[in-house]
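Participant: here is my input; please provide its structure:
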Amino acid sequence: MPTIQALQALRAIAAWLVVYHHYMQMVHHGYSQSPVGAFFVQYGLVGVDVFFIISGFIMYYSLTLKPRTAQAFLLARIRRIVPVYWVYTGLAIMAANLVKDQVEYVWTYRSLIQSLLFIPHQNPTGIGEFPLLTVGWTLNFEMFFYSVLTLNLQLFRRYAFIVTAMVLLLLPMLWPTDWFYAGICTSKRLNEFSLGILLGYLYVKTPLLRNPNYGWLAAIASILLLAVVYWMNQNAFQAYALLLVLSALGLERLPNWRHWFFNALLKLGDMSYSTYLAHAIILFLLNSFISQPASALSEVLFLFTLTILVYILSFLSFQGIERGWLLDRLTRLY
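Facilitator: Sure, this is the predicted structure:
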């Protein structure tokens, strides 16, 4: 199954948008007088919306080109998501123990089990409905999407994506706010998986986006529409994410992906899942041990350190856990 490289590059951009958004949240408490800082404060979290739309797209794209049974699909998703997340959840608890005298961080065995099983719950620290590794809230959405799709693959087979898209569109309108799983089932972010499925259908079934003669026109139209939406409503995050993904699909055949710059983006895209999980722990530790930047130079040094450490940990976990190098070595030892 051919990889859509523009989407992989967009995943890299989305992951690092979230990294710097959380930097602004944690270090500067969501406030900045600089245009760059203000941009990450307001728009960095669009990266999450991009991830959700890409997820819906990739599921449709991959299962259409390479059909699987419901069981094989769910097992593949568990292998992809669970091991890395469990490792980083453990690292989060270890990191919190290192700074327990400086930062209040509470965890219980009950919350640990709920976090590992992707069950939404109130974080015992009192910060809201978050797992112990707080960025894992997005994985609760992802696993819910995969579970709904798995059930529909089993029940409806060829109509699984139609039913899934409709369920995810209707749930936020119909699910009572006081029921179990309301934090997910009443969220309009479920719509983003449906938007991804729709884009996947258009990409696979119509030649428009895949044709280089028309793709760039679609990309330009999307970028222009993005500017219009920004001008009209600066908080339309779903529209931004949808248009960014649509632009990437239209631009797929234009860049030379072997160029060092685009090749670097692709490598960052490969590591984007590890980057998303790793940055929370690195940022938490840096913010605990290093005082808040008091000058432009100290800010640059803080950001440089954050970026390098997140990259290194992302690379190690991508190679060692996601690609299975570490597990393979341990297997050989025993």
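
Participant: distance from stretch 112-124 to the middle of the chain?
Facilitator: Averaging C-alpha positions (Cα atoms, centre = their mean, to the nearest Å) puts stretch 112-124 18 Å from its chain's average.

Participant: send the alpha carbons of that stretch over as CSV?
Facilitator: Taking C-alpha atoms only, stretch 112-124 is exported to CSV below (Å, rounded to 0.1, in the frame of the first residue of the first chain):
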residue,chain,number,x,y,z
LEU,A,112,-3.6,3.6,36.1
ILE,A,113,-5.7,0.7,35.0
GLN,A,114,-8.3,3.1,33.5
SER,A,115,-5.6,5.0,31.7
LEU,A,116,-4.0,1.8,30.3
LEU,A,117,-7.4,0.6,29.1
PHE,A,118,-8.4,3.9,27.5
ILE,A,119,-11.3,4.5,29.9
PRO,A,120,-12.0,8.2,30.4
HIS,A,121,-12.0,9.2,34.0
GLN,A,122,-11.3,12.1,36.3
ASN,A,123,-7.6,12.4,36.8
PRO,A,124,-6.8,12.0,40.6
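
Participant: confidence score at the residue most central in space within the chain?
Facilitator: Centroid-nearest residue in the chain: residue 51, 4.3 Å away (criterion: Cα atoms, centre = their mean). Looking at residue 51, its pLDDT stands at 97.

Participant: identify the residues contacting it.
Facilitator: Taking Cβ atoms under 8 Å, 6 or more residues apart in numbering, we find residue 51 in contact with 11, 14, 138, 276. Glycine gets a C-beta too; all of them are placed from N, C-alpha and C.

Participant: looking at those residues, which are in helices?
Facilitator: Within the contacts of residue 51, membership in helices is found for 11, 14, 138, 276, as judged by DSSP state H.

Participant: who wins for most neighbours among these?
Facilitator: Within the ones in helices among the contacts of residue 51, residue 14 tops the neighbour count with 29 neighbours, counted by other Cβ atoms under 10 Å.

Participant: surely that one is in contact with residue 55?
Facilitator: No - the pair residue 14 and residue 55 does not pass the contact test of Cβ atoms under 8 Å, sitting 11.1 Å apart.

Participant: please report how far residue 257 lies from residue 13.
Facilitator: Going from residue 257 to residue 13 by Cβ to Cβ, to the nearest Å gives 15 Å.

Participant: and what of residue 31?
Facilitator: From residue 31 to residue 13 the distance is 24 Å (Cβ to Cβ).

Participant: can you pick out the residue with more neighbours from those two?
Facilitator: residue 13 (18 against 10).
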